[in-house]
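**Q** sequence isn't available, so here's the structure alone:
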């Protein structure tokens, strides 16, 4: 996957894990649903730009439903973190079949919007496509906005405080339940955005969420779970590693990121930018 | 035992219900093999508390090892099966070493990601593994006497041979779960910090659980190759890890039969539901979500609970059969000889970011002494304890125990040297019985990894546990679960666990916290009596207790030693008075 998109999707996974302690196995599903929601929007309205907004919004709403309808039941139970993994894993099995039921098994073509088609300029031997530059620009705009959201707003403050001491935040009289819902929806929306923006590069298919989750996880392990900078660095590193090995020696492309992760685990288990003691439980 | 008999009965008679048709026999055999896989999986999940999503690698590596040996090297069947199981073991060790640096769901995610490496190896190594087409052409049927001959005969014979092998594996797993090592695994699952404080290397214990799980997953993988006479690449795909997780939870974790029932349900869904329903995964996923939410004990676990007989299913339910104790006379903890410095810290420092919690503390305790450490809240007392017991690594300075440098040793190593502690916030094995809480602590002085025999047969361990329960007045409650005790009783148990490791040096962190005045008096008297046998440092807020029992008192303030002396000296110390009056 594109390194920029990987960063955005992995950030979604990371903030949900940071606050709720749940590894959201449905994250890849939200990514896939985002692509489908985008495809549907383009079918109905013909506008790619609307799809960029509508897909995250719609999937964010799905996120709210999942959190309120399913995840809420496991909070405070014994082994809630395990149960969170299990429940979202169950959803990850169910939903692709639901999508196949609704949209059929074959993938859906998703065209690159016309303004962004074709090569923009050449960089050495490589054609730089307009759409790739667009992805880069979008990420460059979104990342600082996300950083501001997490570091300079009340919501971000509550998310970060909740990450380090959930009980204390509740005792301070802050509505944690609502923060969790918002966070989960935000994570889903980020995944969906990644899905819809990837859609023109690949075919939209029910299976597309499968590996995304694992790649996101590798990013957070390499960068350091729960750190903004770590996810960004990890995303760039893994994205580049994928792209480079893909270009130089295709056969190794799939394995090299796993080896990178194993290496980081051996040498620096907390990740490149991780804090001591963070995310060990 | 009833569970085993039931299992044997079902295994022996199953072909009857299947009318001996080769198709159903094949299906039965496959269910058994997946049942073994799920049981091996549950060793890790249900008994060691580790959620793995990487078991596809264990099963897959084993299946391919067996398959490759048979197909490419025409190796004897017995050897191929053995090599497969060992392949699973080796894979689990590799994965375990890497992922056990982390815990909980983070670890789960790591197992998933690393298991993918094995998938890609199989995918890329097409000439040997067959790649996406799988590995076929296995000459099982005519090679290798006598096992191969039996397996090649009639489907019924084949079924019984495999069923017998799986029954033996089941016996072995059951035996292991009831062994001293099995008990330690349960203790680590129940409370990892406390298990470490009892002297157990919790990471190694978990690695042992990984190895057991990997070995038997490997056996299942090897058998699967024989049953299918084919190695599909799905065996090593990560969805196989998901499948075994689903089987285990369907049937019920922590039970012996649950995994087999779960495997049956799962394969029924896969083979029959999918005939009528194109989108059967919706139902598998949906059923899984519902089970996790509403039936966390699974089918067998819930049934057993309904019937009210835990013994039917639960592996860990067997209680120790012990005689009613006569109260053992005399103190248990032995007196240490000599009166030199038992423990000493030099310049001990701990900082958290900018906060200096413990600041260049020079501290000595003589053998046989009862020392109190007092100080206002936030003075660094608990942090100081955490440094001495290896829970936290110091930022600077060093610690000596019996003259040896123990700075930076992990908690379990410190415990093995003879330092024990109790906790300010009760930290017991809540899900274990009162007796087992103390017994598991005592066991750490005898054996950690013994995977054979029964813990009841460790007579010295039982005696020690009984002695301590007797001393603390907890003997009548020995069969209760620790979390069901009253607060005061839990505080006694807290001390009991520490004592059971037979320490030379005991750190008590606010033993009377939350106790009634009456309980406080009893505890103070008990600590004073203990001091005859073991060197004690106690953190305490109740000044009456402190002045009454201490030989010497150390006052901490802002992470530094403010004063040190006899109770009388401390009472008169102007600095101490100032700090406490202000406080």
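**A** Right, received. Where do you want to start? Treat the numbers as computed from the prediction; the structure is a model and nothing was measured. Residues are numbered from 1 along each chain as shown, chains lettered A, B, ... in the order given.

**Q** list phi and psi for the residue of the stretch 351-500 of chain B found nearest chain A.
**A** At 9.3 Å from chain A, residue B:431 is the closest residue in the stretch 351-500 of chain B, using C-beta to the nearest C-beta. (Glycine included, C-beta is placed from N, CA and C.) Per-residue torsions, residue B:431: phi -90, psi 0 (degrees, to the nearest 10).

**Q** look up the closest residue to it, ignoring the ones flanking it.
**A** Closest residue to residue B:431 apart from its sequence neighbours, by C-beta to C-beta, 6 or more residues apart in numbering or on different chains: residue B:190 at 4.6 Å.

**Q** so what's that neighbour up against?
**A** Residue B:190 is in contact with B:49, B:429-432, counting by C-beta atoms under 8 Å, 6 or more residues apart in numbering or on different chains.

**Q** most neighbours out of these, which is it?
**A** residue B:429 (26 neighbours; other C-beta atoms under 10 Å in any protein chain shown).

**Q** sec struct for that one, please.
**A** Judged by DSSP: H, G, I helix; E, B strand; the rest coil, the three-state class of residue B:429 is coil.

**Q** you'd agree it is up against residue B:194?
**A** Yes: under the criterion of C-beta atoms under 8 Å, residue B:429 makes contact with residue B:194 at 6.3 Å.

**Q** mutual contacts of the two, please.
**A** Counting by C-beta under 8 Å, 6+ apart, the contacts common to residue B:429 and residue B:194 are B:187, B:497.

**Q** quick one, longest helix in chain B?
**A** Longest helix in chain B, counting residues (DSSP state H): helix B:202-228.

**Q** and it, does that touch chain A?
**A** No: Helix B:202-228 does not reach chain A (C-beta under 8 Å from any C-beta of the partner chain); its nearest approach is 11.9 Å.

**Q** what is the mean pLDDT for the next helix or strand after that helix?
**A** Along the chain past helix B:202-228, the next helix or strand (assigned with DSSP states H and E) turns out to be helix B:238-251. Helix B:238-251 shows a mean pLDDT of 91.

**Q** list the buried ones in helix B:238-251?
**A** Using 16 or more other C-beta atoms under 10 Å in any protein chain shown as the test for burial, helix B:238-251 gives B:238, B:240-251.

**Q** tell me the angle that helix makes with helix B:202-228.
**A** 100 degrees (axes from the mean of the first three to the mean of the last three C-alpha atoms, to 10 degrees).

**Q** tell me what helix B:238-251 is packed against?
**A** If contacts are counted by 3 or more C-beta pairs under 8 Å, 6 or more residues apart in numbering or on different chains; DSSP states H and E, helix B:238-251 sits against helix A:80-103, helix B:22-42, helix B:55-73, helix B:104-124, helix B:258-268, helix B:280-294, helix B:298-307.

**Q** what angle separates the first one from helix B:280-294?
**A** Using the same axes, to 10 degrees, the inter-axis angle of helix A:80-103 relative to helix B:280-294 is 150 degrees.

**Q** any idea which helix or strand of the chain has the worst average confidence?
**A** No chain in the question, so chain A it is. When the helices and strands of chain A are scored by mean pLDDT, DSSP states H and E, strand A:119-123 comes last with a mean of 69.

**Q** meant chain B actually
**A** helix B:147-152 (a mean of 63).

**Q** can you report how many residues lie near whatever residue of chain B ends up closest to chain A?
**A** Residue of chain B nearest chain A, by C-beta to the nearest C-beta: residue B:285 (3.2 Å). For residue B:285, the count of nearby residues is 22 (other C-beta under 10 Å).

**Q** I'd guessed it sits against residue A:97; true?
**A** Yes: taking C-beta under 8 Å as the definition, residue B:285 is a contact partner of residue A:97 at 7.5 Å.

**Q** so which residues on chain B come close to chain A?
**A** Contact residues (C-beta under 8 Å from any C-beta) of chain B with chain A: B:51, B:98-99, B:101-106, B:108-110, B:112-114, B:116-117, B:120-121, B:123-124, B:238, B:242, B:245, B:249, B:279-282, B:284-286, B:288-289, B:292-293, B:296.

**Q** just the buried residues of those.
**A** Among the residues of chain B next to chain A, those classed as buried by 16+ other C-beta under 10 Å are B:51, B:98-99, B:102-106, B:108-110, B:112-114, B:116-117, B:120-121, B:123, B:238, B:242, B:245, B:249, B:280-282, B:284-286, B:288-289, B:292-293, B:296.
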